[in-house]
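[1] coordinates for the following, if possible.
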Amino acid sequence: MADGEMLERAKFHAMADGTEEDWDAIMRCVSPHRRGICDRILSHLDLLRGDSGGFAVDRLEHSLQTATRALRDGRDDEYVACALIHDIGDTLGPANHAEVAAVILKPYVSEQNHWMVDKHGIFQGYYFFHYLGLDREMREQFRGHPHFEYTAQFCHIYDQNSFDPAYDSMPLEAFEPILRRVFAKPKQSIYRKA
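    Predicted structure coming up:
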């Protein structure tokens, strides 16, 4: 039976009514969508263009500077991808942008890099929270965590100083091969057989 016929048959009204044959056909159709994640991430990153939020550079340029600095320092693909998309959540989750980015990355990166992206908003606060009447030492609640220094280093070396309008950052297209490698296949997912 062809995929089109199979999908026509698979239009059940409740998931419990599906068969293994139905789900095989559905998974064949889902595959191209899953492979398109990198294209969607690139498109979403482009939404950050032109939105400076009051900074000297727009959010896309900040992301490019962060990733460029990490790449030029010899960081691996996974780290560079995290650096590039660490603020991707700014458009949909301005109150929890770090968590939004971390959720996107979680299936594809190490626990250490996931934690770094998830907590970078709190760690970044060390540089400005006191100007907002917040506790700049908020990150101290995580002191002793195995990834504390790793995350503090990310913010200090790459994130907090990537608002420089004169910095020679690489274009978004230069990072596409890295994103394609990192997002090629999930490392962990409930939808992946062990």
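
[2] helix or strand right after the helix or strand bottoming out on mean pLDDT in the chain?
    Every helix and strand in the chain was compared by mean pLDDT, DSSP states H and E; the lowest is helix 3-9, with a mean of 52. Note on helix 3-9: by DSSP states H and E, the next helix or strand toward the C-terminus is helix 20-35.

[3] so which residues of the chain form helices?
    Here the chain has its helices, by DSSP state H, at 3-9, 20-35, 37-46, 59-72, 77-85, 97-105, 111-124, 148-153, 176-182.

[4] and of these, who's closest to residue 160?
    helix 111-124 (6.2 Å; C-beta to C-beta). No exception for glycine: its C-beta is placed from N, CA and C like everyone else's.

[5] and the angle from that closest one to helix 97-105?
    With axes from the mean of the first three to the mean of the last three C-alpha atoms, to 10 degrees as the basis, helix 111-124 and helix 97-105 are set at 170 degrees to each other.

[6] please verify my assumption that residue 186 contacts residue 105.
    No. In this structure residue 186 lies outside contact range of residue 105 using C-beta atoms under 8 Å: 10.5 Å.

[7] who's more crowded, these two?
    residue 105 (24 against 15; other C-beta atoms under 10 Å).

[8] that one touches residue 85, doesn't it?
    Yes. Taking contacts as C-beta under 8 Å, residue 105 lies within contact range of residue 85: 6.8 Å.

[9] quick check: neighbours shared by the two?
    residue 117 (C-beta atoms under 8 Å, 6 or more residues apart in numbering).

[10] hang on, the earlier thing: hey, least reliable of the helices of the chain by pLDDT?
    Across those, helix 3-9 has the smallest mean pLDDT, namely a mean of 52.

[11] setting aside sequence neighbours, what's the nearest residue to residue 118?
    residue 102 (3.6 Å; C-beta to C-beta, 6 or more residues apart in numbering).

[12] deepest-packed of the helices of the chain, please.
    helix 77-85 (a mean of 25; mean count of other C-beta atoms under 10 Å).

[13] touching that helix from outside, list them.
    With contact meaning C-beta under 8 Å, 6+ apart, helix 77-85 is reached by 41, 45, 63-64, 66-67, 69-71, 75, 101, 104-105, 108-110, 113, 116-117, 154, 158-159, 175, 178-179, 181-183.

[14] okay, angle between it and helix 59-72 too, please.
    Using the same axes, to 10 degrees: helix 77-85 against helix 59-72 is 160 degrees.
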